[in-house]
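Enquirer: Dropping a prediction and its sequence here:
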Amino acid sequence: MASLEILLLGGFQLRKGDQAIDLPGRRERALLAYLAMPAGEARSRDKLASMLWSERGDKQARDSLKQAMLRLRKTVEGIEPAPLLSDREFVTLDPAAVSIDVAEFERLTGEGTPEAALRAMVLYRGDLLDGLEIRDPAFEEWLLMERQRLRDLAREALANLLARHMADGAHDQAAPVARRLVGLDPLREDAHRALMRIYAEQGQTALALKQYQTCRDRLRAELGVKPETETERLHQSIQHDRSSPRQSTQDSAAPVESATAPTLKPSIAVLPFANLSGDPGQEYFSDGITEDIIAGLARLHWLFVIARNSSFTFKGKAVDAKEIGTRLGVRYLLEGSVRKAGERVRIACRLIDAGSGLHLWTDRFEGTLSDVFDLQDRITSSVVGAIAPRLRDAEIERARRKPTDSIDAYDLFLRALALHNTVIYEDGREALRLLDRAIELDPDYAAAYGLAAYCRMRQRQRGWVDSTTSEGVRLARLAARKGQDDPDALWMAGVSLAMLIGESDEALALIERSLGLNPNSAGAWLVSGVVRAYAGDSATGIAHFERSIELNPLDPLVYIAWYGIAFAHFAAERYEESSAWLDRSLRALPSYLPALRLKIAICGLKGQTQEGEKWVERLLAVVPDVTISKLRQHYEAGIRRPDCRDRLFSGLRLVGLPE
């Protein structure tokens, strides 16, 4: 029985039964919230100190953490079972001693039933830790990302609930759901359309037309686009019915084409980093960092980067982000600062949406001046590697918001990119359909060929389609030929050839060329690790997986890299290490098939039959018809060392996986 209730959604509350417990310190509240997400995960004291006191020195940060822990322990003193567990290195919140609204909200949204969605939305009282401000870049970034993640879960639950009510004709139940969805996501057109339909059918035509105007004005102000064709048709239909009530909606709905400007590459300007060192002699260093970042971003084939001479015209000037974006004609701005204290250098960065002025990402990077040029290179590499996925995420979201009748090849590619890595069969098919359209629009679109080959490879790996090898190879060859200067096309082509037909040498040559063009690509480092681990080069494979994680530490697909590290240990017959990494991967995605299969094999090789049988049950729940013969087809090409394949199949067989 949980002794303590922690409420984080809509603000911070701490309760024991019906009694509220006062925890006044903002950082103590932040500390408890961080430990609660998720509870049960051991957090190192160094990590906690750097998360909440990153602006202080290491010793001072550790001392601050110690004092915060003392105050936190005093607050929950006497509560049994004790919620806080700690030793000299780690702190853990005991999940058996606490109930946490975020954990229950995540569980309910994962169920997918209307009843669970309703209960989840009762719990979702507002944004995570609403009203709690901790002016620390590391904590702010974590909080921003977690708020967005939970908000996305709430939006998805509301959207599914709304669709169910509208399909059932339960408009009285649908209306409050649609209003709440619009409140969470004012740009969600399907929710606006639902309210327009509900109001119109209730005879409240004025409200329906006002809802359309609200939708149109928000889209114009925030995205600079018109409503989707479906919204325009519904609006026209409601207007027609208002003037001619006896004529049916269907008869009055004439198609309206929305005109939008053609999509261009995403564009960014890197503004001169501010020198906060108090020493004008350090100006060269901050300017050098800026110039190196411009050069690094310019390697990204899909990104248009404003040249140094243009962005440096704003040096030392206090100009509004929107004005700079308008004058330079860019969607994004990167700004930052350099602070030197003794032998330490700290670089702070912010990625800004120039249209709205919103901060999309913040981070900081530190090092010593023992080798200033090496530090400069490492910081540049880290910044560019961190920015690239944030820009991709922002562009994917922008593409989703655009009217479906105005997308071009690049937007089709982005939509496919958002779908291709899910574990849902229909998403994979839709991704390929979008890529086929992109290639029709632009037959020389190398990255689209590469992603299509990659999707075919993933289909084969998941056992969805047996006949994708030849088509996947054809697409990979086209991607390699058309994308000789496109790093994304090259690494996707390379890993596809390795996994589909075992061309490891050719694959590594393509991936190395990709890294030569863009050494900060987390994706290229990841697949380099995969190909090397499958070829038996465990040490290099692990190093490349670690580099991928370093460049994109918040990647929601990081479980793939964790699995890769596990496989590299397996190939080297280090089963304990492999099993530990597989546990991390499966905690992130319990249905991840490669990790499940490898976990079963290790149980078999270690003689842990009973545990292995439990993992087999989980695997069969995901893929009921899995057999060793089918897996042999899957692994035959990718795993180059016969002894490694034989050990894998032997382990699977020992636990009882059917032949």
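Expert: Cool, the structure landed. Being a predicted model, the structure only gives us computed values, none of them experimental.

Enquirer: Please, where are all the helices along the stretch 101-250 of the chain?
Expert: In the stretch 101-250 of the chain, the helices defined using DSSP state H, counting those that start in this stretch lie at 101-111, 114-123, 137-168, 171-184, 189-201, 205-223, 229-243, 249-252.

Enquirer: cool, the stretch 301-450 of the chain as well?
Expert: Under DSSP H, counting those that start in this stretch, the stretch 301-450 of the chain gives helices at 308-311, 321-328, 372-401, 409-419, 425-441, 446-462.

Enquirer: which one of those helices has the lowest average pLDDT?
Expert: Set side by side, those differ in mean pLDDT, and helix 372-401 is lowest with a mean of 65.

Enquirer: What are the structural domain limits within the protein?
Expert: 1-185, 207-259, 267-391, 407-519, 530-538+545-659 (automatic domain parsing).

Enquirer: Lowest average pLDDT across those?
Expert: The weakest mean pLDDT among the domains of the chain belongs to domain 207-259, with a mean of 70.

Enquirer: Surely residue 649 and residue 629 touch.
Expert: No - contact between residue 649 and residue 629 fails when scored by CB atoms under 8 Å: they sit 9.7 Å apart. C-betas here are computed from N, CA, C, even on glycine.

Enquirer: Compare those two and say which is more crowded by neighbours.
Expert: Using other CB atoms under 10 Å, the more surrounded residue of residue 649 and residue 629 is residue 649, with 18 against 10.

Enquirer: returning to that earlier point: let me know which of the helices of the stretch 101-250 of the chain is tucked in deepest.
Expert: helix 189-201 (a mean of 22; mean count of other CB atoms under 10 Å).

Enquirer: Quick one: residues in contact with that helix.
Expert: Contacts of helix 189-201 with the rest of the structure, by CB atoms under 8 Å, 6 or more residues apart in numbering, involve 158-159, 162-163, 166, 171, 174-175, 178-179, 181-182, 185, 205, 207-208, 211-212, 214-215, 219, 227-228, 230-231, 234-235, 238, 241.

Enquirer: got the CA coordinates for it in PDB?
Expert: C-alpha atoms of helix 189-201 as PDB (Å, rounded to 0.1, in the frame of the first residue of the first chain):
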ATOM      1  CA  GLU A 189      -8.500  21.200 -37.100                       C
ATOM      2  CA  ASP A 190     -10.300  18.000 -36.600                       C
ATOM      3  CA  ALA A 191     -11.400  19.200 -33.200                       C
ATOM      4  CA  HIS A 192     -12.500  22.600 -34.600                       C
ATOM      5  CA  ARG A 193     -14.500  20.700 -37.400                       C
ATOM      6  CA  ALA A 194     -16.100  18.500 -34.800                       C
ATOM      7  CA  LEU A 195     -17.400  21.600 -32.900                       C
ATOM      8  CA  MET A 196     -18.500  23.200 -36.100                       C
ATOM      9  CA  ARG A 197     -20.600  20.100 -37.000                       C
ATOM     10  CA  ILE A 198     -22.000  19.800 -33.400                       C
ATOM     11  CA  TYR A 199     -23.000  23.400 -33.300                       C
ATOM     12  CA  ALA A 200     -24.500  23.300 -36.800                       C
ATOM     13  CA  GLU A 201     -26.600  20.200 -36.000                       C
END
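
Enquirer: Average pLDDT for it, rounded please.
Expert: Average pLDDT, helix 189-201: 90.

Enquirer: Let me know the angle separating it from helix 229-243.
Expert: Between the axes of helix 189-201 and helix 229-243, defined by axes from the mean of the first three to the mean of the last three CA atoms, to 10 degrees, the angle is 10 degrees.

Enquirer: How much space separates the nearest residue in space to residue 314 that is not next to it in sequence from residue 655?
Expert: Distance criterion CB to CB, 6 or more residues apart in numbering; nearest residue to residue 314, sequence neighbours excluded, is residue 271 at 5.7 Å. Plainly put, residue 271 is 57 Å away from residue 655 if you go by CB to CB, to the nearest Å.

Enquirer: Also residue 174?
Expert: Plainly put, residue 174 is 48 Å away from residue 655 if you go by CB to CB.

Enquirer: With residue 388 as the reference, measure out to the one residue sitting closest to the centre of the chain.
Expert: Among the residues of the chain, residue 556 comes closest to the average C-alpha position under CA atoms, centre = their mean, at 4.4 Å. Distance of residue 556 to residue 388, computed by CB to CB: 15 Å.
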